[in-house]
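Enquirer: need coordinates for the following:
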Amino acid sequence: MSGADSIRMEKLCYSIGGRKILEDFDFLLERGVNRTILGISGAGKTTILKLLLGLLQPNSGKVYLGDVCITGASEAAFMQLRKRIAIVFQGGALFDSMTVGENVGYRLFEEGRLSQSEIEQVVREKLSFVGVEPALDLYPAELSGGMKKRVAIARALAADPEYIFFDEPTTGLDPIGVYNICNLMQRLQAGGTTTLMVTHDLATAFATSERFTFIHQARMIFDGSETEMKTSENAEVREFLTPTEDSLFV
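Expert: Here you go, the predicted model:
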């Protein structure tokens, strides 16, 4: 696997308000390897996604997108690289004043490379893929939580990214909504899209990922497969997978 086919962090440190979030953190996401980042609330999982996207800058260390170091790069220089990645935020982050169709086509309209008819075709294709094409002319306030997540996925797909990051994609969804999101992620993966997810939902993680990274106290304490994780002797990993009375009120 070449450097051009990966996203990685090297010796990355990030603190906020004097609190260490990541310390000497190394991370690798290879094309074609679908991964989930796990850890207790506040461990820094979403922060990793923001650092990989260049939305936050580390205190030290470097982030590479392919062979290019993006740490400290200008917004203009980073825009072209960012097109390779899309993110589905936890709440969907749809624009309330825009219809579903306008939300999905927003990035394409901004880029100005396609005609309006071409954008409309892409929008319908992506909405059809996630099963919400009938909602084309609705506004986010008219959608259920599960539909908002699927529209957010359609918007992420509109630019045909190589990587899609998912931030807690099944939070607040009922079992049918969770099933739909897992199914969509599996279909994306089958089509060649690499996914990186942060979640507390172990069932979703095990259904959609093959590698798992566990963060504890600003450091990676586990990296491996589902089998390796379930048989790990690491106390924090075991407690996370199977909480005990020691976990009460912690």
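Enquirer: switch to C-alpha atoms for all contacts and neighbour counts from now on
Expert: Will do.
Enquirer: in the chain, which spans are helices?
Expert: 45-52, 75-82, 100-111, 116-130, 145-157, 175-190, 202-208, 226-230, 235-241 (DSSP state H).
Enquirer: mind listing what's buried in the first one?
Expert: For helix 45-52, the buried set under the neighbour-count rule, 16 or more other Cα atoms under 10 Å, comprises 45-49, 51-52.
Enquirer: and that helix, what does it pack against?
Expert: strand 6-16 (3 or more Cα pairs under 8 Å, 6 or more residues apart in numbering; DSSP states H and E).
Enquirer: tell me who's in contact with the most centrally placed residue in the chain.
Expert: Nearest to the mean C-alpha position of the chain, by Cα atoms, centre = their mean, lies Phe165 at 1.9 Å. Applying Cα atoms under 8 Å, 6 or more residues apart in numbering, we find Phe165 in contact with 49, 85-88, 195-197.
Enquirer: go ahead and confirm Ser60 touches Met9.
Expert: No - between Ser60 and Met9 there is no contact, the gap being 10.6 Å when judged by Cα atoms under 8 Å.
Enquirer: just want to know which of the two has more residues nearby.
Expert: Neighbours per residue (other Cα atoms under 10 Å) separate Ser60 from Met9, with Met9 holding more: 22 against 15.
Enquirer: does the more buried one really touch Tyr64, like I thought?
Expert: Yes - Met9 is within contact range of Tyr64, at 6.4 Å (criterion: Cα under 8 Å).
Enquirer: can you flag the buried ones in the contacts of Phe165?
Expert: By neighbour count, with 16+ other Cα under 10 Å, the contacts of Phe165 hold 49, 85-88, 195-197 as buried.
Enquirer: hang on, the earlier thing: now distance to Asp24 too, for the helices of the chain, in JSON lines please.
Expert: Shown next, in JSON lines, are these (distance: least, Cα to Cα, whole Å):
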{"stretch": "helix 45-52", "distance to Asp24": "13"}
{"stretch": "helix 75-82", "distance to Asp24": "24"}
{"stretch": "helix 100-111", "distance to Asp24": "34"}
{"stretch": "helix 116-130", "distance to Asp24": "38"}
{"stretch": "helix 145-157", "distance to Asp24": "31"}
{"stretch": "helix 175-190", "distance to Asp24": "30"}
{"stretch": "helix 202-208", "distance to Asp24": "25"}
{"stretch": "helix 226-230", "distance to Asp24": "22"}
{"stretch": "helix 235-241", "distance to Asp24": "19"}
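Enquirer: for His216, which of those helices is the nearest?
Expert: Closest to His216 of those is helix 235-241 (Cα to Cα; 7.7 Å).
Enquirer: for that closest one, output the C-alpha coordinates as PDB.
Expert: Provided in PDB are the C-alpha atoms of helix 235-241 (Å, rounded to 0.1, in the frame of the first residue of the first chain):
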ATOM      1  CA  ALA A 235      -8.400  -4.100  31.100                       C
ATOM      2  CA  GLU A 236      -9.800  -0.900  29.600                       C
ATOM      3  CA  VAL A 237     -10.900  -2.700  26.400                       C
ATOM      4  CA  ARG A 238     -12.500  -5.500  28.300                       C
ATOM      5  CA  GLU A 239     -14.400  -3.100  30.600                       C
ATOM      6  CA  PHE A 240     -15.600  -1.200  27.500                       C
ATOM      7  CA  LEU A 241     -16.900  -4.400  25.800                       C
END
